[in-house]
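Chemist: Next input, structure requested:
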Amino acid sequence: MKIMSIFKAFSFSTRPSNQTLFRSGYQKMTQRDYNGAIAEFDRIIEHRPDYEALNNRASANFKLNNYPAAIRDYSHAIAINPNIPEAYIGLGVVNTQLENYPEAEQNYTHVIRLHPSNFIAYTNRGFARFKQENFEEALHDFNRAIDLNPQNSVAYYNRGSVYFKMGKPRKAFQDWQTSLKLGFHKAEEMLDRHCTRDQGK
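Modeler: This is a model prediction of the structure:
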């Protein structure tokens, strides 16, 4: 099973000094210099707590496995702006990593209430429900994620895992095969481990 993470290059602040820091922080994120990115976002937040800087600093802390700091920053970002989904998705990813699956499910449900067409939230909530062995609800979420984005290779991969757990190996094979065709190479491991190549015929 797999979840989808998100890092967003937000629109930069109108203040020139913040524009420079945001650009530098974003560049360091793309270069995987997460400590350097945190330092740049720190300089913005020290002056004035900013949703975008908090959300991106949380993402950097997550990459460094500093989950308590990531949770603090995502929560602070939500307190500043409770109507934008990225921080809820980030918080859900952290809770998933910590195996706090009921909390993660709540985080993604909140995103769906705000933005019913957010396929990442459906994909990740399906994963959280799968981990709680709520297979029917997980299947519903993966179906919805695929409806919203038919190129969602992760949702096909995860739905295949649900079908396999539900005793439907032929459907599992078909979904893993679709996931692989869409470029998610981890699906090949599931095909080799659980399926014979003639099951999809």
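Chemist: Which secondary structure element of this protein has the lowest mean pLDDT?
Modeler: helix 16-30 (a mean of 83; mean pLDDT, DSSP states H and E).
Chemist: For that one, buried residues please.
Modeler: 18, 21-22, 24-26, 28-29 (16 or more other Cβ atoms under 10 Å). Glycine gets a C-beta too; all of them are placed from N, C-alpha and C.
Chemist: starting at the chain centroid, how far to the one helix or strand R129 maps to?
Modeler: If you go by DSSP states H and E, R129 is part of helix 119-131. In terms of Cα atoms, centre = their mean, to the nearest Å, the centre of helix 119-131 is set 9 Å apart from its chain centre.
Chemist: Mind listing residues that contact that helix?
Modeler: 1-4, 6, 85, 88-89, 92-93, 96, 99, 101-102, 104-105, 108-109, 111-112, 115, 135, 137-142, 144-145, 148-149, 152, 154-155, 158-159, 161-162, 165 (Cβ atoms under 8 Å, 6 or more residues apart in numbering).
Chemist: circling back to that earlier point, now the least confident helix or strand of the chain - C-alpha only, CSV.
Modeler: C-alpha atoms of helix 16-30 as CSV (Å, rounded to 0.1, in the frame of the first residue of the first chain):
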residue,chain,number,x,y,z
PRO,A,16,10.2,41.5,-1.6
SER,A,17,12.1,40.1,1.4
ASN,A,18,9.7,37.3,1.8
GLN,A,19,9.7,36.5,-1.9
THR,A,20,13.5,36.0,-1.8
LEU,A,21,13.2,33.7,1.3
PHE,A,22,10.4,31.7,-0.2
ARG,A,23,12.2,31.2,-3.4
SER,A,24,15.4,30.2,-1.6
GLY,A,25,13.4,27.8,0.7
TYR,A,26,11.6,26.2,-2.2
GLN,A,27,14.9,25.8,-4.1
LYS,A,28,16.5,24.1,-1.1
MET,A,29,13.5,21.8,-0.7
THR,A,30,13.8,20.7,-4.4
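Chemist: that older thread, narrow the contacts of helix 119-131 to just the buried residues.
Modeler: Those of those that meet the buried threshold are 1-4, 6, 85, 88-89, 92-93, 96, 101, 104-105, 108, 111-112, 135, 137-142, 144-145, 148-149, 152, 154-155, 158-159, 161-162, by 16+ other Cβ under 10 Å.
Chemist: Redo the buried residues of helix 16-30 as a markdown table? Include distance to I44.
Modeler: Listed next are these as a markdown table, based on distance: Cβ to Cβ, whole Å:
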| residue | distance to I44 |
| --- | --- |
| N18 | 6 |
| L21 | 5 |
| F22 | 7 |
| S24 | 10 |
| G25 | 8 |
| Y26 | 12 |
| K28 | 13 |
| M29 | 14 |
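Chemist: about what we covered before: let's see which of the contacts of helix 119-131 end up in helices.
Modeler: 85, 88-89, 92-93, 96, 101-102, 104-105, 108-109, 111-112, 135, 137-142, 144-145, 148, 154-155, 158-159, 161-162, 165 (DSSP state H).
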